[in-house]
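Student: Structure for this input, please:
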Amino acid sequence: MAVKKIYSKWKIYFQILLWILALFVVIFVYLKVDMFLMNQTIVDKRNLLATQTQELESYKLLTGYNKLQAVKILEEKQSTMPWSDHITQVIQMLEDIKKIDTSATGTIVLSDFNVSLDKITLKGQVSNLSLLYYSNDGQWVRSLIDRFSSLNFVKDIRIQTYDRVGDNNYYEFVLEANINNNAGTGNTTK
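Tutor: Predicted structure coming up:
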């Protein structure tokens with residue numbers, strides 16, 4: 001005769017709760033170990049960050065590092081200038097001025113022409129101030145300022161001074177213009 005084991009409902013509930021409790025204990029232990037390992041990883045990363053920050057600070061104290069940073073800043077702000085094109089345009093403009101018919105319009109004499117990386121200075125004499133300022137496309141008359149304005153790398157054109165020379169009918173002038181270092185490159189200075 002076989003003996004039947006009868007399980008009571010309470011014993012089944014107790015075993016289920018015991019398994020659930022064991023499962024929670026295993027999950028709890030797993031999470032505690034995982035948090036411990038995660039905290040160790042965080043501590044290791046913080047130590048590495050502190051070490052790298054200290055090395056970076058020591059590099060920043062070096063003179064070469066500061067010079068390198070200054071050069072990087074200059075390189076970001078500087079762009080290449082097509083000076084060969086600019087010089088060709090200036091020479092063409094000066095050749096056009098030489099070809100002006102002086103019998104009808106007056107005389108333009110250029111005496112000093114200086115070009116630097118940031119400014120153009122032109123000294124000269126004119127027999128009439130209209131040669132500096134007056135333009136009329138219908139009569140093919142272009143002022144000296146308009147000729148400079150046609151150069152795409154020149155900005156802020158101004159006649160710095162002009163003075164009458166003695167009893168002569170000539171005016172000495174100084175024309176200045178700033179150079180747009182980014183003309184034709186599509187960049188703007190920062």
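Student: C-alpha from now on. contacts and neighbour counts both.
Tutor: Fine.
Student: Look up how far K72 lies from M38.
Tutor: 39 Å (Cα to Cα, to the nearest Å).
Student: To clarify, my last question referred to V90.
Tutor: Distance of V90 to K72, given as Cα to Cα: 32 Å.
Student: With N47 instead?
Tutor: N47 sits 30 Å away from K72, taking Cα to Cα as the criterion.
Student: Compute the number of surrounding residues for L132.
Tutor: 20 (other Cα atoms under 10 Å).
Student: cool, and R164?
Tutor: 14.
Student: Repeat that for H86.
Tutor: When neighbours are counted by other Cα under 10 Å, H86 registers 16.
Student: One more: the one 5 residues further on?
Tutor: Neighbouring residues of I91 were enumerated by other Cα under 10 Å; the total is 11.
Student: Work out for me the element it sits within.
Tutor: Using DSSP states H and E, I91 falls within helix 83-98.
Student: Work out the gap between that helix and the centre of the chain.
Tutor: 29 Å (Cα atoms, centre = their mean, to the nearest Å).
Student: Show me which residues of it are buried.
Tutor: For helix 83-98, a neighbour-count test (16 or more other Cα atoms under 10 Å) marks H86, Q89, M93, I97 as buried.
Student: Serialize those to JSON lines and add fields for distance to I145 and pLDDT.
Tutor: Shown next, in JSON lines, are the buried residues of helix 83-98 (distance: Cα to Cα, whole Å; pLDDT from 0 to 100):
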{"residue": "H86", "distance to I145": "17", "pLDDT": "72"}
{"residue": "Q89", "distance to I145": "15", "pLDDT": "77"}
{"residue": "M93", "distance to I145": "11", "pLDDT": "77"}
{"residue": "I97", "distance to I145": "12", "pLDDT": "72"}
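Student: low-confidence ranges in this structure?
Tutor: 1-7, 78-85, 99-105, 140, 181-190 (pLDDT under 70).
Student: go with 90
Tutor: 1-12, 56-190 (pLDDT under 90).
Student: for it, what spans make up the helices?
Tutor: Ranges of helices in the chain, per DSSP state H, are 9-60, 63-77, 83-98, 102-105, 130-133, 144-149.
Student: hey, which strand is longest across the chain?
Tutor: Assignment by DSSP state E gives strand 154-164 as the longest strand of the chain.
Student: for that strand, packing partners?
Tutor: Counting contacts by 3 or more Cα pairs under 8 Å, 6 or more residues apart in numbering; DSSP states H and E, strand 154-164 packs against helix 144-149, strand 171-179.
Student: among these, which is nearest S127?
Tutor: Of all the helices and strands packed on strand 154-164, strand 171-179 sits nearest to S127, with 6.3 Å by Cα to Cα.
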